[in-house]
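Visitor: I would like the atomic coordinates for the input below:
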Amino acid sequence: MIALSLAEIAEVVGGQTHDIPDPSVQVTGPVVRDSREAGPGSLFVAFAGERVDGHDFAAAVVETGAVAVLGTRPVGVPAIVVDDVQTALGALARHVVRRLGATLVALTGSAGKTSTKDLIAQVLRRKAPTVFTPGSLNNEIGLPLTALSATEETRFLVLEMGARGIGHIRYLADLTPPKVGLVLNVGSAHIGEFGGREQIAQAKGELVESLPSEAEGGTAILNADDPYVRAMASRTKAKVLLFGESGEADVRAENVRLTDTGQPSFRLHTPSGASDVTMRLYGEHHVSNALAAAAVAHELGMSADEIAVALSEAGSLSRWRMEVTERPDGVTIVNDAYNANPESMRAALRALAAMGKGRRTWAVLGKMAELGDEALAEHDAVGRLAVRLNVSKLVAVGGREAAWLQLGAYNEGSWGEESVHVSDAQAAVDLLRSELRPGDVVLVKASRSVGLESVAQALLESGAEGEVSAR
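Guide: Take a look at the predicted model:
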């Protein structure tokens, strides 16, 4: 964080100082909510949760070098006491962002936010120091913590914004007002909470409504291939830049293909030129993510050649998102278990099909959460798609939704051992340990609550121990 005195922080957040001998002492380190991350110069934010109360760790974090605690009550060590910690954290982030000389880039969408954010960060940091959201910390707490990690040297601040309802993105954009706003897509993620795609589009479009005008340097970057997103052009006073595979897009891809290993390759076209890209990531869905990142980079002054090189060398920065690992026995594990929705599930299955040409493929799939009334139809459709893509084996893991996945596969013509329903992750591991053979490709994917990353980890450990069938 930029250096601020405790007195200044207290004024910004509307708090009272307690047990602070010298209010001129500065916070020079990170602002953290995890006591294990506290260190010299840091500010510890004490949240009181259902199971853990951060105030209980106040003395310990000060012993490690933290300057003070931001909390809702005195704790016997230097503290700034406020009525509401989350509100105070947001106010501090807003204050710091306004003092930074950085260009703030914000992005949202139903699918691909984290992967795209990671691509944008890897491209922009070739141009100048860049700070970006770690993982998927894109809510009312994670976003201000990321903003507060920026320093005087930061030139680009890339923030992922999530939403579970109308008004959420408006709130986040008010905390950290962006200059460049990117909307990726409007899909089915959280549709059960929102009530429909129109409501999702309304919520996501709050980002472009928050942007400054074109005269003030604001730019809205919109997906030309998604009609819900493209329609957001009428909701912003900012300049509009379109990306996509559509011929009308300002930043577009031509001659898209997948390599023999399932990695996308294409000709990138921007208003400033064209260049070839071959990505290290897996799956054709990353083309759209790459185009979004390219549009941001173009708008911020990078050439087509610079962007193409950066995209070709970019990797995955966040865990359990199409992590591809080959075991010593030749079995390939694709761990995409961080989360799932219908769009990302279809993309992952297509990537599996591309990677598995000439090999046996396994789709180990679980529940897609928060689909509301569309849950049955969407799970059925994913099961059917696995069959149409000639996935060799579908292993549906869990309860009712997993049964729907298998039913879809069955109704599409998958009988016998081609699809199976198992009760839990351990049952899936036991089945795969007995059935896998060298050269197989295994995709593991479900919503985060299912915890299927444990399946991927167990299979990787099995490969290291040599536990694989030779059939």
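Visitor: from here on, just use CA atoms for contacts and neighbour counts.
Guide: Will do.
Visitor: can you show me the CA trace of the helix or strand of the chain with the lowest mean pLDDT as PDB?
Guide: Least confident helix or strand of the chain, by mean pLDDT, DSSP states H and E, is helix 191-194 with a mean of 79. Extracted in PDB, the C-alpha atoms of helix 191-194 (Å, rounded to 0.1, in the frame of the first residue of the first chain):
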ATOM      1  CA  ILE A 191     -28.900 -17.600 -12.900                       C
ATOM      2  CA  GLY A 192     -30.900 -19.100 -10.000                       C
ATOM      3  CA  GLU A 193     -30.000 -16.200  -7.900                       C
ATOM      4  CA  PHE A 194     -30.500 -13.500 -10.600                       C
END
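Visitor: would you mark the buried spots in that helix?
Guide: 191-192, 194 (16 or more other Cα atoms under 10 Å).
Visitor: repeat for stretch 295-315
Guide: 295-298, 302-312, 314-315.
Visitor: which residues does that stretch contact?
Guide: Residues outside stretch 295-315 that contact it (Cα atoms under 8 Å, 6 or more residues apart in numbering): 119-120, 122-124, 126-127, 180, 182, 221, 241-243, 251, 268-270, 272-281, 290, 294.
Visitor: taking those residues one by one, which sit in strands?
Guide: 180, 182, 221, 241-243, 251, 268-270, 273-278 (DSSP state E).
Visitor: can you say which of these are buried?
Guide: The buried subset of the ones in strands among the contacts of stretch 295-315 - by 16+ other Cα under 10 Å - is 180, 182, 221, 241-243, 251, 268-270, 274-278.
Visitor: residue 237 contacts residue 210, doesn't it?
Guide: No: Residue 237 lies out of contact with residue 210 (Cα atoms under 8 Å); the separation is 9.1 Å.
Visitor: those two: who's more crowded?
Guide: Neighbour count, other Cα atoms under 10 Å: between residue 237 and residue 210, residue 210 has more, with 25 against 19.
Visitor: what's the separation between that one and residue 179?
Guide: The spacing between residue 210 and residue 179, counted by Cα to Cα, to the nearest Å, is 9 Å.
Visitor: same question, residue 111
Guide: 22 Å.
Visitor: next one: residue 192
Guide: Residue 192 is 31 Å from residue 179, by Cα to Cα.
Visitor: quick one, helices of the stretch 201-350 of the chain?
Guide: 206-209, 227-230, 286-299, 304-313, 342-355 (DSSP state H, counting those that start in this stretch).
Visitor: which stretch in those has the least confidence?
Guide: When the helices of the stretch 201-350 of the chain are ranked by mean pLDDT, helix 342-355 comes last with a mean of 93.
Visitor: who are the packing partners of it?
Guide: Judged by 3 or more Cα pairs under 8 Å, 6 or more residues apart in numbering; DSSP states H and E, helix 342-355 is in contact with strand 361-365, helix 375-388, strand 441-445.
Visitor: in the ones in strands among the contacts of stretch 295-315, find the pair that's most separated.
Guide: 180 and 278 (26.1 Å; Cα to Cα).
Visitor: my guess is residue 421 contacts residue 406. True?
Guide: Yes: the pair residue 421 and residue 406 passes the contact test of Cα under 8 Å, sitting 6.4 Å apart.
Visitor: these two: who's more crowded?
Guide: When residue 421 and residue 406 are compared for neighbours, residue 406 comes out ahead with 28 against 22, by other Cα under 10 Å.
Visitor: output the buried residues of helix 191-194 in a markdown table; the columns should cover distance to residue 229.
Guide: Below are these laid out as a markdown table (distance: Cα to Cα, whole Å):
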| residue | distance to residue 229 |
| --- | --- |
| 191 | 16 |
| 192 | 20 |
| 194 | 16 |
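Visitor: closest to residue 99 among these?
Guide: residue 194 (35.1 Å).
Visitor: give me every residue that touches that closest one.
Guide: 164-166, 200.
Visitor: just the buried members of the residues you listed?
Guide: By 16+ other Cα under 10 Å, those give 164-166, 200 as buried.
Visitor: which two in those are spaced the farthest apart?
Guide: Taking Cα to Cα, no two of those sit farther apart than 164 and 200, at 8.7 Å.
Visitor: excluding chain neighbours, what is closest to residue 355?
Guide: Sequence neighbours aside, residue 262 is the residue nearest to residue 355 in space, at 4.6 Å (criterion: Cα to Cα, 6 or more residues apart in numbering).
Visitor: how about residue 300, phi and psi?
Guide: phi -100, psi 20 (degrees, to the nearest 10).
Visitor: where do the helices of the stretch 1-150 of the chain begin and end?
Guide: According to DSSP H, counting those that start in this stretch, the helices that the stretch 1-150 of the chain contains are 6-13, 58-63, 85-99, 113-124, 142-148.
Visitor: distance to residue 444, mean pLDDT and mean neighbour count added to the ones you listed, as CSV?
Guide: Shown next, in CSV, are those (distance: least, Cα to Cα, whole Å; pLDDT from 0 to 100; neighbours: other Cα atoms under 10 Å):
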stretch, distance to residue 444, mean pLDDT, mean neighbour count
helix 6-13, 44, 98, 19
helix 58-63, 39, 97, 19
helix 85-99, 35, 97, 20
helix 113-124, 17, 97, 25
helix 142-148, 27, 97, 24
